[in-house]
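Visitor: sequence first, then the predicted structure:
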Amino acid sequence: MDQIIRGLEKLIRDLTLFIAQLRGTKTNSQLLFEYAENLVGQDLSPADLVSDDLGCAESVSMLLRKLIDFPIITGTWTMWDRLKSDTRFISVSANPAVGDIIISPTGSGIGTIRGHVGVLGKDNIIMSASSANGKWERNYSLERWNEWYVGIGGFPIYYFRLI
């Protein structure tokens with residue numbers, strides 16, 4: 001019974017977001033954040049075009065497809081390249097906000113670790129696909145992302161906003 005109730009609650013949240021999207025009462029960036037929050041704990045890339053430990057870009061692609069026509073991308077370098085060239089996104093160099101995409105693309109670091117992509121949430125918490133199980137989680141703080149991807153991996157950090 002609890003599982004049915006949770007399923008109905010999720011359906012209501014999804015419908016509420018869809019209605020807000022249709023009415024244009026929220027920005028795409030706000031909707032991206034709300035979809036990301038609503039999907040915590042789920043596998044956003046169940047087709048597993050790549051293995052779960054590499055599924056971050058695929059998961060963000062699937063999340064973006066809830067809002068816009070967007071290709072399924074399976075690598076962070078390709079995702080970064082697409083975000084830079086797609087006019088529906090703007091690069092944010094200062095003051096990233098809730099709902100912005102954060103990315104440190106593989107190939108741009110020093111080669112010690114792979115890159116990653118996620119969505120910035122409230123209180124500087126980043127949601128992304130877990131490499132351990134492929135599920136969408138609140139799994140980084142902005143501070144931890146900087147320590148790991150900049151400090152250990154030597155990556156730059158880029159932010160993009162869906163407009």
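Guide: On my side now, so go ahead.

Visitor: on the pLDDT front, check Ser131 for me.
Guide: According to the prediction, Ser131 has pLDDT 86.

Visitor: looks like Leu120 contacts Pro96 (just checking).
Guide: Yes. Between Leu120 and Pro96 there is a contact under CB atoms under 8 Å: 5.6 Å. Yep, even glycine has a C-beta here, placed from its N, CA and C like the rest.

Visitor: give me the common contacts of the two.
Guide: Common contact partners of Leu120 and Pro96 (CB atoms under 8 Å, 6 or more residues apart in numbering): Ile102, Tyr159.

Visitor: neighbour count: the two, which is higher?
Guide: Ranked by neighbour count (other CB atoms under 10 Å), Leu120 and Pro96 place Leu120 first, with 26 against 18.

Visitor: now the more buried one, nearest residue through space, not along the chain?
Guide: Of all residues not flanking Leu120 in the chain, Asp100 sits nearest, at 4.7 Å (CB to CB, 6 or more residues apart in numbering).

Visitor: mind listing what that neighbour touches?
Guide: Ser29, Val92, Val119, Leu120, Tyr159, Phe160, Arg161.

Visitor: can you give me the distance of it to Trp77?
Guide: Going from Asp100 to Trp77 by CB to CB, to the nearest Å gives 19 Å.

Visitor: tell me where the chain has strands.
Guide: Here the chain has its strands, by DSSP state E, at 89-92, 101-104, 116-120, 125-129, 136-141, 158-162.

Visitor: what would those look like in CSV with distance to Leu67?
Guide: Formatted as CSV, the strands of the chain follow (distance: least, CB to CB, whole Å):
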stretch, distance to Leu67
strand 89-92, 12
strand 101-104, 12
strand 116-120, 12
strand 125-129, 15
strand 136-141, 15
strand 158-162, 7
